[in-house]
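1. Build the 3D model from these lines:
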Amino acid sequence: MEMLALLLVSALALLPGPSGAGPTPHNPLESVIDTTKKLKETYKQEHFVEDVQPLADAGCMEEFFCKAGAILKNHSISFSSTEDEKRLAREIHVYTKKFERNCEDILKNVKVSHMKKPLSAFLELVLVCSQSNYMHRKGL
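-> Next up, the predicted model:
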């Protein structure tokens, strides 16, 4: 009887447990999407920022996210930004760190737009581009 109990315990120890694959790596775009949605819902002040519509229309590529990160960084320096704005800037920075080239090099080829758009329109573009890239597995 003791031998049977020992055999059963040994067999249970050898059975595979939960998947050994580990947790799914976090996609930084998930955080960008969540924070942008939160900001859009709670944002009260209207500031104007550089228009990034042409970069969004060009396919929401690396240039868009590098420019969006730079705009948020500059906006937080110029105005008293909220914690959510600062969080969004950090999350975009984390996402852009995964690009093969760094944003400084990428932005050298991006023209500065002299058009200004409301921050709310900018946030909508960040949300749309983030969702699009996330759905098309460009989350790197």
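
2. Assign a three-state SS to residue 49, would you?
-> strand (DSSP: H, G, I helix; E, B strand; the rest coil).

3. ok, then the element right after the worst-scoring helix or strand of the chain on mean pLDDT?
-> One helix or strand of the chain scores below all others by mean pLDDT, DSSP states H and E: helix 2-14, with a mean of 50. Per DSSP states H and E, helix 2-14 leads on to helix 28-42 as the next helix or strand towards the C-terminus.

4. Please report the distance of the closest residue to residue 46 other than its chain neighbours from residue 94.
-> Distances taken as C-beta to C-beta, 6 or more residues apart in numbering put residue 118 closest to residue 46, at 5.4 Å, once the chain neighbours are dropped. In this view, the C-beta of every residue, glycine as well, is placed from N, C-alpha and C. For residue 118, the distance to residue 94 (C-beta to C-beta, to the nearest Å) stands at 26 Å.

5. Then residue 66?
-> 13 Å.

6. The two: which is more packed in?
-> residue 66 (24 against 15; other C-beta atoms under 10 Å).

7. For the chain, give me the ranges with low pLDDT.
-> 1-26, 42-45, 76-81, 137-140 (pLDDT under 70).

8. try 90 this time
-> Where the chain drops to pLDDT under 90, the residues are 1-49, 72-87, 98, 100, 118-120, 136-140.

9. Check which helix or strand residue 93 maps to.
-> Judged by DSSP H and E, residue 93 forms part of helix 83-96.

10. Tell me the buried residues in that helix?
-> 84, 85, 87, 88, 89, 90, 91, 92, 93, 95, 96 (16 or more other C-beta atoms under 10 Å).

11. Residue 132: which of those is nearest?
-> residue 95 (13.3 Å; C-beta to C-beta).
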